[in-house]
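Engineer: Sharing a model prediction with you, sequence too.
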Amino acid sequence: MNSGEIRYAMLESGEKIQYVYRDNPPRGGMKHTFFTPDRRYAVQFFNNPKDAADPLMQDRIRTIVGIYNPTRAENAGGAQGNTEKTADYFSRKFCWPVGIIKYPEFGIVCPTYPDNFFFGEGASAVLRLTGKDKKSNWFTGRNRKYLNPSELGDFRMMLKAAIGLARSVRRLHQAGLAHSDLSCNNVLIDPKTGSSVVIDIDSLVVPNKYLPEVCGTRGYIAPEVIETMEYGVNDPRKTLPSALTDLHAMPVLIYEYLFLRHPLIGPKIYSTESAEKDDFLAMGPSATFIEHPEDHSNRPPDLDVTIQSLSKGLEELFLRAFVDGLHRPEERPTAMEWERELLRAWNRLLPCSNEACSRKWFILRDENEPVCPFCGTRYSEPVIRIALKSEVRGKSGIFREKSEVFAYDNLALFDWHVYSTVHNDEKADALMRAYICKHDGKWLLVNNTINGLISPAGRLVPKGNAVELKDGAVLRMSDSLNGMLAEITMTLNNES
Ligand SMILES: [Zn+2]
């Protein structure tokens, strides 16, 4: 067989697919990979023929491609309740297997991930990165300083990547699945665009179907899995990867995206006996959060930006994940809680007034103290809070606060800012309905496509027109059913 030769694979669906044969294909722990001639799909076979022939494993992969598949609509054989819209959304969030190969041997077909998850030319003057995939530790670890600044994105894009990850894991858990090996290697991020993609889906744990094949990746394995690693697979004392261990790995990644450091790796020496023992204790039974509020034994001396620099909601979740829940898995916050709090934090983002700021954006923790925690610069614009209120059901004219958003120049507003029944999730329309802009010293809300936007004076604001935002003003985002009220509070923050 010659390297470069085109070969055929037959799918269980009856389709034929071409792939380019290579003598030394890229090889992972379980599988090796060829590509279709157009490189849109990866064709993967198992390294060990025994694995490929295992009927349980085959069965598990069939359910992953079929009834558990969130990237395919229910009417096309995908997950229950999945529409074409949500399927399309999640096909960009997961690199999900799309087909099963039956000839020449059992294997799987996966889409290759989009180009923006590979480093292009000029990504680094020091490291040879061109063509490598964007594992998150390139951006959060010590190699960060060797990357071209244009690769690094900003704090806002890293928060966006965290939201994408939490949403993807929430979707998996909602379906009763667990990833079992979330790590910087299996979640790729592109800080330029804030996008994230979860890869290596075929190691998913399907409950009651198959045990996890892998115990995880160093730095992301939950302490209870490390503690019980010495036991055999069938030993009841052993803890295997599950949705609860995903709820450890996921906040480790989120913490890394936001702070560019690992939440458990600090200065503490756990054992002087051997490096192995020190590592076992540090990541397993004695693991200590570097920001533990009482136990400062693992706290680095130079922590200036901490979980207290974020929103109060995110601070609380990190404490539950890495203090209460670090050794008590059932106390860890769910992926849905993470998604919700990260979105709330997203609504409190403000651009740093210092153009030279390394992270460019920050989460406004205290409205009376709008200071960027990364560079210490005080926010120079007025703090404009938009409280979004929905009508209490059955009580016409009575409105209750549903959410809030802080305005800045070029903030885009979507259906979830207009209608109380729409949530910012995979089902929502991504069309911008309105935006905020600063024009001639005035703050304006410009209507793009909202029907029935009503000004504080009670006048209709047609599409293409704007309304000025002033302290105390109340607008109706839409006069249609479920349209929300927007109450503006404007606080000047002149440096004194
Ligand atoms: Zn700053």
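Structural biologist: Arrived safely.
Engineer: right, and the helix or strand after the longest helix seen in the chain?
Structural biologist: When the chain is parsed with DSSP state H, its longest helix is helix 155-174. Heading C-terminal from helix 155-174, the first helix or strand you meet, by DSSP states H and E, is strand 187-190.
Engineer: just how off-centre is that next one within its chain?
Structural biologist: 9 Å (Cα atoms, centre = their mean, to the nearest Å).
Engineer: what do you get for stretch 22-31?
Structural biologist: Distance, stretch centre to chain centre, for stretch 22-31: 28 Å (Cα atoms, centre = their mean).
Engineer: Ends of it, what's the gap?
Structural biologist: End-to-end distance of stretch 22-31: 14 Å, with Cα to Cα, to the nearest Å as the criterion.
Engineer: Could you count how many residues lie near residue 94?
Structural biologist: Other residues within reach of residue 94, judged by other Cβ atoms under 10 Å, total 22. Any C-beta I mention is one placed from the backbone N, CA and C, and that applies to glycine too.
Engineer: Show me what from this protein comes close to the ion.
Structural biologist: By Cβ under 5 Å from the ion, the residues of the chain that approach the ion are 352, 354, 357, 372, 374, 375, 377.
Engineer: Quick check: closest non-adjacent residue to the residue nearest the centre of the chain.
Structural biologist: The geometric centre of the chain, computed from its C-alpha atoms, lies nearest to residue 165 (Cα atoms, centre = their mean), at 2.0 Å. Distances taken as Cβ to Cβ, 6 or more residues apart in numbering put residue 196 closest to residue 165, at 5.0 Å, once the chain neighbours are dropped.
Engineer: contacting residues around the spatially closest residue to residue 139 that is not a sequence neighbour?
Structural biologist: What sits nearest to residue 139 in space, not counting adjacent residues and going by Cβ to Cβ, 6+ apart, is residue 191, at 5.4 Å. Contact analysis of residue 191 by Cβ atoms under 8 Å, 6 or more residues apart in numbering lists 139, 151, 152, 153, 154, 157, 158, 161.
Engineer: Same list (those) but as CSV, adding distance to residue 415 and neighbour count.
Structural biologist: Formatted as CSV, these follow (distance: Cβ to Cβ, whole Å; neighbours: other Cβ atoms under 10 Å):
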residue, distance to residue 415, neighbour count
139, 31, 23
151, 32, 20
152, 31, 19
153, 26, 21
154, 26, 19
157, 23, 22
158, 25, 25
161, 23, 27
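Engineer: out of those, who's nearest residue 128?
Structural biologist: residue 151 (14.1 Å; Cβ to Cβ).
Engineer: what's around the spatially closest residue to the closest one that is not a sequence neighbour, how many residues?
Structural biologist: Spatial nearest neighbour of residue 151, excluding adjacent residues (Cβ to Cβ, 6+ apart): residue 123 at 5.3 Å. Neighbourhood size, residue 123 [other Cβ under 10 Å]: 20.
Engineer: got it, and the one 5 residues further on?
Structural biologist: The burial metric for residue 128, expressed as a neighbour count using other Cβ under 10 Å, is 9.
Engineer: Relative to residue 121, how far out is it?
Structural biologist: From residue 128 across to residue 121, the span is 11 Å (Cβ to Cβ, to the nearest Å).
Engineer: which residue ranges form the helices in the stretch 301-450 of the chain?
Structural biologist: Remark: helices assigned in the stretch 301-450 of the chain by DSSP state H, counting those that start in this stretch are 312-319, 335-346, 415-418.
Engineer: Let me fix that, I meant to ask about the stretch 101-250 of the chain.
Structural biologist: Secondary structure of the stretch 101-250 of the chain by DSSP H, counting those that start in this stretch: the helices cover 137-140, 155-174, 223-227, 243-259.
Engineer: circling back: got a pLDDT number for the residue nearest to residue 165?
Structural biologist: Note on residue 196: pLDDT of 97.
Engineer: Tell me who's in contact with the nearest residue to residue 27 once chain neighbours are set aside.
Structural biologist: Nearest non-adjacent residue to residue 27, counting by Cβ to Cβ, 6+ apart: residue 47, 6.6 Å away. By Cβ under 8 Å, 6+ apart, the contact list for residue 47 reads 27, 29, 30, 31, 32.
Engineer: Backbone torsions only: list them for the second one.
Structural biologist: I take that to be residue 29. Backbone torsions of residue 29, given as degrees, to the nearest 10, read phi -60, psi -40.
Engineer: The third one now?
Structural biologist: Residue 30 has phi and psi values of phi -110, psi -30 when expressed as degrees, to the nearest 10.
Engineer: State the distance from it to the ion.
Structural biologist: From residue 30 across to the ion, the span is 44 Å (Cβ to the ion, to the nearest Å).
Engineer: that older thread, adding mean pLDDT as columns, could you present the helices of the stretch 101-250 of the chain in CSV?
Structural biologist: Shown next, in CSV, are those (pLDDT from 0 to 100):
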stretch, mean pLDDT
helix 137-140, 94
helix 155-174, 97
helix 223-227, 95
helix 243-259, 97
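Engineer: Of all those helices, which one is nearest residue 401?
Structural biologist: Across the helices of the stretch 101-250 of the chain, residue 401 has its closest neighbour in helix 155-174 (21.8 Å, Cβ to Cβ).
Engineer: now the closest one: how far from the chain's centre is it?
Structural biologist: Put simply, helix 155-174 sits 2 Å off its chain's centre (Cα atoms, centre = their mean).
Engineer: That helix relative to helix 243-259, how many degrees between them?
Structural biologist: 170 degrees (axes from the mean of the first three to the mean of the last three Cα atoms, to 10 degrees).
Engineer: Do I have it right that the residue nearest to residue 165 meets residue 169?
Structural biologist: No - using Cβ atoms under 8 Å, residue 196 is not in contact with residue 169; the gap is 10.4 Å.
Engineer: Might one say that residue 71 is in contact with residue 87?
Structural biologist: Yes - Residue 71 lies in contact with residue 87 (Cβ under 8 Å); the separation is 5.6 Å.
Engineer: joint contacts of those two?
Structural biologist: Listed as contacting both residue 71 and residue 87 by Cβ under 8 Å, 6+ apart are residue 78.
Engineer: So for these two, which sits in the more crowded spot?
Structural biologist: Using other Cβ under 10 Å, the more surrounded residue of residue 71 and residue 87 is residue 71, with 25 against 21.
Engineer: Tell me how far that one lies from residue 79.
Structural biologist: For residue 71, the distance to residue 79 - Cβ to Cβ - is 9 Å.
Engineer: do residue 66 as well
Structural biologist: Using Cβ to Cβ, residue 66 is found at 9 Å from residue 79.
Engineer: And the contacts of residue 47, which is closest to the ion?
Structural biologist: Here the nearest of the contacts of residue 47 to the ion, counting by Cβ to the ion, is residue 29; it sits at 41.4 Å.
Engineer: Can you give me the neighbour number for that closest one?
Structural biologist: Residue 29: 10 surrounding residues under other Cβ under 10 Å.
Engineer: Thank you, goodbye.
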